[in-house]
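# build me a model:
(chains A and B)
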Protein chains: 2
Amino acid sequence: MVIIGGGFAGLNLARKLDKGLWDVTIVDRNNFHSFPPLFYQVASSGLEPASISFPFRRELLSRKYRGCRYHIGDVRTIDVSAHTVHTQYETLHYDTLVLAAGSTNNFFGIPELEKHVYTLKSTSEAIRCRNEVLDRLERASLCKDPARKRRLLTFVVIGGGPAGVEIAGALGEFKRFTLKREYPSLEQSDMRVILVEGTDRLLAAMSAKSSADALEGLSQLMVDVRLGKQMKSYDGTTVVFADGTTEESDTVVWTAGVTGVPFELKGTDVKPGPGARWLVDEYNSVEGIDDMYAIGDIALMITDKYPKGHPQVAQVALQQAANLARNLSEPRKEPRTFEYRDKGSMATIGRNRAVVDMGKMHMSGRPAWFAWLVVHLLTLLGMRNRAVVFINWMWSYFTFSAGLRILIRPGRFPLRKYWDE
Amino acid sequence: MVIIGGGFAGLNLARKLDKGLWDVTIVDRNNFHSFPPLFYQVASSGLEPASISFPFRRELLSRKYRGCRYHIGDVRTIDVSAHTVHTQYETLHYDTLVLAAGSTNNFFGIPELEKHVYTLKSTSEAIRCRNEVLDRLERASLCKDPARKRRLLTFVVIGGGPAGVEIAGALGEFKRFTLKREYPSLEQSDMRVILVEGTDRLLAAMSAKSSADALEGLSQLMVDVRLGKQMKSYDGTTVVFADGTTEESDTVVWTAGVTGVPFELKGTDVKPGPGARWLVDEYNSVEGIDDMYAIGDIALMITDKYPKGHPQVAQVALQQAANLARNLSEPRKEPRTFEYRDKGSMATIGRNRAVVDMGKMHMSGRPAWFAWLVVHLLTLLGMRNRAVVFINWMWSYFTFSAGLRILIRPGRFPLRKYWDE
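Numbering: from 1, shown residues only, chains lettered A, B, ... in the order given. As a prediction, the model looks like this:
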């Protein structure tokens, strides 16, 4: 079996499959498993990328994965009739293929947008966002032209989902607690954090109470939240909204949409459905293609309860992987259909504040923030990572400052070609 | 006063100067102070860059630095007659200028060398080296062409000083303890680590006993040490030595020489001396230029004991900074000439092994390694960094594996211009 992608879905499948029955190869473009819920903390200098990354080769040493192999590679083409996948390095044959490649940014066809905005869908995107934010602050502190300074210090976050709320909260926390102290040449009022959401509330997937709490929390962190507003275009300098208003900003963080990671498919006419997600049946088998499954963000399973497919979150990925592993590991038993058990959702808003929805229960403020900390610490892979994250969080909490504000510029060297293509 | 560079020399000067007398601005191209003795651990995936980096703005909050300012910028031009320095962002006026910009790689004019080798003189160079080494290992594990595989797995380190010995030791440790376990498709004998030194011994600045110990330690880590051998050229594929022999390698780490960071100088005919170091008197005042001092790696103070200048090490930088701070802070007293007190030197060779020279005392093996750990932990800035480094070291020690082997590719995005030029 070849699993494309070692995220929550792919890695959990590899772990739970019966390795006596299945010979498993994970193909991933990165040599490490990462933890997307905390990308925003990398982007806001709160955590080091390595703290939320776990090298596959290290993880696969564990007994639970005995026999699993890892291959580096970006799968570009899948040949369904030949049963092969093609990366920039090799061609791999499969008997069974599992698509678990997840999702990436959706720019909805807005021209040039990809070139100008910063995104948070991978470790390297988060690092880049961190560097750009730090660059703006340093340059602003030297800038003598008021208009230019204002543009440098205007941070626009597009999208009011968890990622948008969390990065806006982290930027707001910086403005509220750190800016004046560490950048004596800047005024707090010089920096603006603007969160733009197209619908009429933040965290649309959560309860109305959570939305209201998030809005209040962000206001306290001096974030200017603009609901019911949509971005039309951005050229690197001017954000134009659908209602004709504009903002001058050098830094736009885009969290407003995701789409399935694309592949070129050969030997079939089947194409992915809405959101570039692959239509699957209730066993996560891809409709119309033999020996191919899809799990996690990239799968689209339409059920009565989820007529538009399940939410693209870690819980669904983990549970689909577990269900598929069970069905494939016990071939003599009746296969079990996938049933999503929603364990709840949560988001932080700066320090000391979070919102948690679990069924009908709602938590907010400090207890929710504490619950958020515990859940995220426990779900991180590896004791070393947990210890380092814990230290960094304690440090930030008591110093009111993110400790890892280091601006490391890429591209100062002639870049060698990484790919063989 | 303007201090160019916030390394050991510049930051220590800022700290010890009397800020009642001096108005201090540190200009540095990076927004953080870094710890070069551990760059090799970043390059070998043992530590995260942030663990050995300390943001200036955070450090300058401390009472010891009260009133010091930080400006980001790469100083390109110094106008001695106008008393100004020019970065890509601004022009700064100075009354007194201190050059503390340190040293960078010296490629001795070997054509194209800079394009093809990896270096360890800054955080970003170390990260790049880490990524390239990980890339070679992953690609080798997929490679079916034996010649190509051999080239991918041949790591050549040029220069047998501390940096060369330490990175070769770390690569050797990987070969000896990690490779077979984590890369099942590779054989230990597939990987070669070659350390090339032009003179007849390693660690030439240390005692003969340390040299011998280092050689033995590296042999145990399966490093192929070649003494009395000089590299002539490298085109990205073939290393050619002065004796006409060659090695095929995709990865050459260059630690064989340093040179002072260059500036364009206006308003004077004075030029830097050998090694691009600025000739200074015994008070670190630059010869022939008013109101200008140089300290640390970039200064060349010729004394009876050091006819070729002091070694370019952290101890000299720290002590010159302290002496200059004392002279400038107590203008009524007789200025004190600089006298280097050599506190000894040390280098690690993989796990459990190091060499330490202190005066006539020599230590090696595990006690030396332990001394090395303690000294480096204590000299790191900041409790958070110390705690995180300690955890990572313990983890590596007990797991026989560097935990941070994450390959993060830069350049997957359109790079925005960082500089204003």
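
# wait, is A:Arg136 part of a strand?
No. Assessed by DSSP: H, G, I helix; E, B strand; the rest coil, A:Arg136 does not belong to a strand; its assignment is helix.

# now the closest residue to it other than its chain neighbours: phi and psi?
Spatial nearest neighbour of A:Arg136, excluding adjacent residues (Cβ to Cβ, 6 or more residues apart in numbering or on different chains): A:Leu152 at 4.9 Å. Where you see a C-beta, it was placed from the backbone N, CA and C, and this is true even at glycine. With angles defined as degrees, to the nearest 10, A:Leu152 shows backbone torsions of phi -60, psi -30.

# enumerate every residue touching A:Leu152.
With contacts defined as Cβ atoms under 8 Å, 6 or more residues apart in numbering or on different chains, the neighbours of A:Leu152 are A:Arg136, A:Leu137, A:Arg139, A:Ala140, A:Cys143, A:Asp250, A:Thr251.

# distance of it from chain B?
Using Cβ to the nearest Cβ, to the nearest Å, one obtains 11 Å as the distance from A:Leu152 to chain B.

# and that residue, how far is that from A:Thr251?
Distance check for A:Leu152 against A:Thr251: by Cβ to Cβ, to the nearest Å, it reads 8 Å.

# which residues do those two both contact?
Listed as contacting both A:Leu152 and A:Thr251 by Cβ under 8 Å, 6+ apart are A:Arg136.

# can you turn the buried subset of the contacts of A:Leu152 into a selection I can paste into ChimeraX?
Restricted to buried positions by 16 or more other Cβ atoms under 10 Å in any protein chain shown, the ChimeraX selection for these reads:
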select /A:136,137,139,140,143,250,251
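
# could you report the neighbour count for the residue lying closest to A:Gly344 once chain neighbours are set aside?
The spatially closest residue to A:Gly344, leaving aside those adjacent along the chain, is A:Met358, at 3.4 Å (Cβ to Cβ, 6+ apart). Per other Cβ atoms under 10 Å in any protein chain shown, the neighbour tally for A:Met358 reads 13.

# give me the pLDDT value at A:Met358.
Looking at A:Met358, its pLDDT is 92.

# ok, what's across the strand from it?
A:Met358 has the following beta-bridge partners by DSSP bridges: A:Met361.

# wait, it sits on A:Ala371?
No. Counting by Cβ atoms under 8 Å, A:Met358 does not reach A:Ala371; the two are 9.2 Å apart.

# return the residues of the stretch 1-150 of chain A in contact with chain B.
A:30-32, A:48-51, A:53, A:55, A:57-58, A:60-61, A:69, A:71-73, A:89-90, A:114-115, A:123-125, A:127-128, A:132, A:134-135, A:138-139, A:141-142 (Cβ under 8 Å from any Cβ of the partner chain).

# among the residues you listed, name the ones in helices.
Among the residues of the stretch 1-150 of chain A next to chain B, the members found in helices (DSSP state H) are A:57-58, A:114-115, A:123-125, A:127-128, A:132, A:134-135, A:138-139, A:141-142.

# against A:Lys121, how distant is A:Thr199?
Distance, A:Thr199 to A:Lys121, by Cβ to Cβ: 21 Å.

# so where do the helices sit in the stretch 151-300 of chain A?
Secondary structure of the stretch 151-300 of chain A, counting by DSSP state H, counting those that start in this stretch: helices at A:162-173, A:179-182, A:208-220.

# these: lowest mean pLDDT?
Mean pLDDT across these is lowest at helix A:179-182; the value there is a mean of 92.

# list of residues touching that helix?
The set of residues external to helix A:179-182 that reach it, using Cβ under 8 Å, 6+ apart, is A:Leu137, A:Leu186, A:Glu187, A:Gln188, A:Met191, A:Ser401, B:Arg57, B:Arg58, B:Leu60, B:Leu61.

# surely the first one and A:Asp190 touch.
Spelled out, that is A:Leu137. No. Using Cβ under 8 Å, A:Leu137 is not in contact with A:Asp190; the gap is 10.1 Å.

# in the stretch 151-300 of chain A, which spans are strands?
Under the criterion DSSP state E, counting those that start in this stretch, the stretch 151-300 of chain A carries strands at the ranges A:154-158, A:192-197, A:223-227, A:231-234, A:238-241, A:246-248, A:251-254, A:258-260, A:264-266, A:278-280, A:292-294, A:299-301.

# leaving out the residues flanking it, which one is nearest to A:Val286?
In space, not counting the residues next to it along the chain, A:Val286 is nearest to A:Met292; the distance is 4.4 Å by Cβ to Cβ, 6+ apart.

# partners of the one you found in the sheet?
Beta-bridge pairing of A:Met292 under DSSP bridges involves A:Leu97.

# that one: how many residues sit nearby?
With other Cβ under 10 Å as criterion, A:Met292 counts 23.

# for it, give me its contacts.
Listed by Cβ under 8 Å, 6+ apart, the contact partners of A:Met292 are A:Val80, A:Thr96, A:Leu97, A:Val98, A:Leu99, A:Ser285, A:Val286.

# let me know the angle separating the lowest-mean-pLDDT helix or strand in chain A from helix B:383-399.
When the helices and strands of chain A are scored by mean pLDDT, DSSP states H and E, helix A:383-399 comes last with a mean of 84. Relative orientation of helix A:383-399 versus helix B:383-399 (axes from the mean of the first three to the mean of the last three Cα atoms, to 10 degrees): 170 degrees.
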